[in-house]
Structures are given as C-alpha cells and as structure tokens.
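Asks: When you get a sec, could you give me coordinates for this:
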Amino acid sequence: MNQPSVTAWWREPLVHFLVLGALLFVVNSFWDQWFPSQGNIVVNEGRVRMLAENFRRTWQRPPTSPELDGLIEEHIRDEILTHEAQRLGLDRDDTVIRRRLRQKLEIITEEAAASAQATDAQLQDYLTKHADDFRGESRVAFSQIFLDPTKRGARIDADLKALLEQAQRRVTSTNWQKLGDQLFVLKPDYALSGEREVATIFGADFASALLDLKPGEWSGPVRSGYGVHLVKVNQVEAARPVTLADVRPLVEREWRNAQRKAGTEAQYQQLRAGYQIVVKRPQPTAP
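Replies: Residues are numbered from 1 along each chain as shown. Predicted coordinates for the structure are as follows:
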C-alpha cells in the first residue's frame, strides 16, 4: 500500500483548516500585547452633572452650553492621557504618584474610622488613660520688675542684687513699680493667669519657674525672652482635676484621631498579611 506524500498531505482541506485555526489562536493570544486596545471613554449623565455642579460651585452660576462642552472635552482629554500614561507604565516608578495613591487609600480608611460615634464610656476611658494630656492649668497672679540686659550690660548682676533688696524692703509700698527698666509691652502686675497664657507673654521657662517660687516674697532673677525679672507671686491656684464634661469636645477630637490612626494601621496589617514579602538586604562591605 502506498503512503501519501507530504505534498499530498499538505493539500488536504482539513489540514489547511487546522493550521489556519492554530494560527488564528496564536494571533489572538498575542494581539493585545502587539496592538493594545485603546479602551472606551464613557461620559455618562452622572459625570456630566458632576462637571456642571463643580463649575457652579466655583463660579456661582451654571455653565453655558459651550462651557459645558469644554468641560466634557477636558474630562475626555484627562481620561485619555491618564489611560495612556498608565499603559506606558509611567505611574509605576513615580514617587509622587505612589505617595498620592497611598494617601488617598489612607484617607478612605480614616474617614470610615472617623464616622464612628463615641459613647460616654469610651470617652471617659480615653480621658482616664490620657489624663495628663487634659489636665487643668495652674493659675498664678504675680508682680514683676524688669531689667534690660542690653542697657545694664556687665553690671546687671549687681543691679539685680541691689534691686532685690530694695523690692524686699518696699514689699508693702507701691513705689516698687518705679524700680527697674520700663518696657511698654510688660505690666508690673498680672492677675490670675493660666500657665499657657503666661508662657505666651514671657516664655515657657518663665511660666514654669513661677510655680516654684514662694508666694509673697520677691525672688529672682527669673529669665524670659525679654531679659531678667524680679518676681513676687501674689496668688496661686493649683490645677484641679478635669471631668469629661469640662473637656468633652477636646477628648472627642483626640479619640477620633486615635481611631483614625488605629483603623489605618489595622487595615495595613490586614493587607500586608495577603502578601509574601521578601527583603534581600545587601551584604555589609568589609571595613
């Protein structure tokens, strides 16, 4: 029996069909890689309404028909160029884009966490655990005598000692207010003021030092941003413990901030668990 030749086999229509089918399969498999699809840009009614509403909020009036056409065309341009940039991989190694995408995802998570409503029990628990952050302020009333280092120069230490003796002798009189140097932004006497208020005027170190002075006596020197002072504490009110009713808005704000941070971290850890992470550190170089 004669075997069919290769030429005869190749002329069979079934062979042609099978080869053509295989060729079409290969071409179809690689078509998207060779000739990427440009995709479709659909601007639906909701998007058009959003473009018009954004225009109205900015300009306090609805867009005209030509203006709306321009908005739509600008949106289409933005979509096309964005798609092309992504197709070319321009977003992959761009630090700014990566950071922006991360921020957007974190914002979504934070907003979800911030929508939770705190109960009184939760706020009280937060206040108890962070009591130092919400403590009340000590308040102090005091008098001060200012000495300007730029005027006194090297003799300021001797002047301080002499003025301190004078002030202590005149503790019951009113003419002590004429001692020292005058500075229009400073007053000789200050009524009961919170520590933060005093720090705003004289600086944090000055405000802190006041609470360590013995009331009713002239003491010093106490330094501030202006120079040096002799100070007499007239009255002190110790900080009182605060209740939730006193600081509820502040506690609620901080509780929400804590919820945002916790929610963001929890979501990250959940996402991280879905990745196999391999870190290859460079070998340390020899000294």
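
Asks: Every contact and neighbour count from this point should use C-alpha atoms.
Replies: Will do.

Asks: where does the stretch 1-150 of the chain dip in pLDDT?
Replies: Within the stretch 1-150 of the chain, the stretches with pLDDT under 70 are 1-39, 112-115.

Asks: go with 80
Replies: 1-40, 88, 90-93, 106-116, 132-133, 135-137 (pLDDT under 80).

Asks: Helix or strand for Asn234, just tell me which one.
Replies: Element membership of Asn234, judged by DSSP states H and E, is strand 228-237.

Asks: Tell me how the protein divides into domains.
Replies: The chain breaks down into these domains under automatic domain parsing: 1-35, 45-93, 99-133+242-272, 137-237.

Asks: Which one of the ones you listed lies nearest to Val278?
Replies: When the domains of the chain are compared by C-alpha to C-alpha, domain 99-133+242-272 sits nearest Val278, at 12.1 Å.

Asks: any idea how far Val96 is from Arg102?
Replies: Per C-alpha to C-alpha, to the nearest Å, Arg102 is found 10 Å from Val96.

Asks: what does Arg256 give?
Replies: 28 Å.

Asks: Over to Pro284?
Replies: Pro284 is 31 Å from Val96, by C-alpha to C-alpha.

Asks: just so I have it, where are all the strands in this structure?
Replies: Here the chain has its strands, by DSSP state E, at 139-147, 189-194, 218-223, 228-237.

Asks: Give the pairing partners of the longest one; include direction for each.
Replies: Here the strand partners of strand 228-237, with direction, are listed using DSSP bridges: strand 139-147 (antiparallel), strand 218-223 (antiparallel).

Asks: deepest of those, which one?
Replies: strand 139-147 (a mean of 22; mean count of other C-alpha atoms under 10 Å).

Asks: So, low pLDDT: which residues of the stretch 151-287 of the chain?
Replies: 167-179, 238-241, 271, 275, 277-287.

Asks: how about a cut-off of 70?
Replies: 170-176, 287.

Asks: Now do the strand holding Asn234 against strand 189-194, angle only.
Replies: 60 degrees (axes from the mean of the first three to the mean of the last three C-alpha atoms, to 10 degrees).

Asks: got the buried residues for strand 228-237?
Replies: Residues 228-234, 236 are the ones in strand 228-237 that count as buried (16 or more other C-alpha atoms under 10 Å).

Asks: Tell me which two in the residues you listed are the farthest apart.
Replies: Val228 and Val236 (21.5 Å).

Asks: if I look at the one residue sitting closest to the centre of the chain, how far off is Leu244?
Replies: The centre of the chain sits closest to Asn257, judged by C-alpha atoms, centre = their mean, with a distance of 10.4 Å. Distance, Asn257 to Leu244, using C-alpha to C-alpha: 17 Å.

Asks: same thing with His130?
Replies: Distance of His130 to Leu244, given as C-alpha to C-alpha: 12 Å.

Asks: residue ranges of the helices in the stretch 1-150 of the chain, please?
Replies: 6-10, 13-34, 45-59, 65-87, 95-114, 120-129, 149-152 (DSSP state H, counting those that start in this stretch).

Asks: I'm done for today, thanks for sticking with me.
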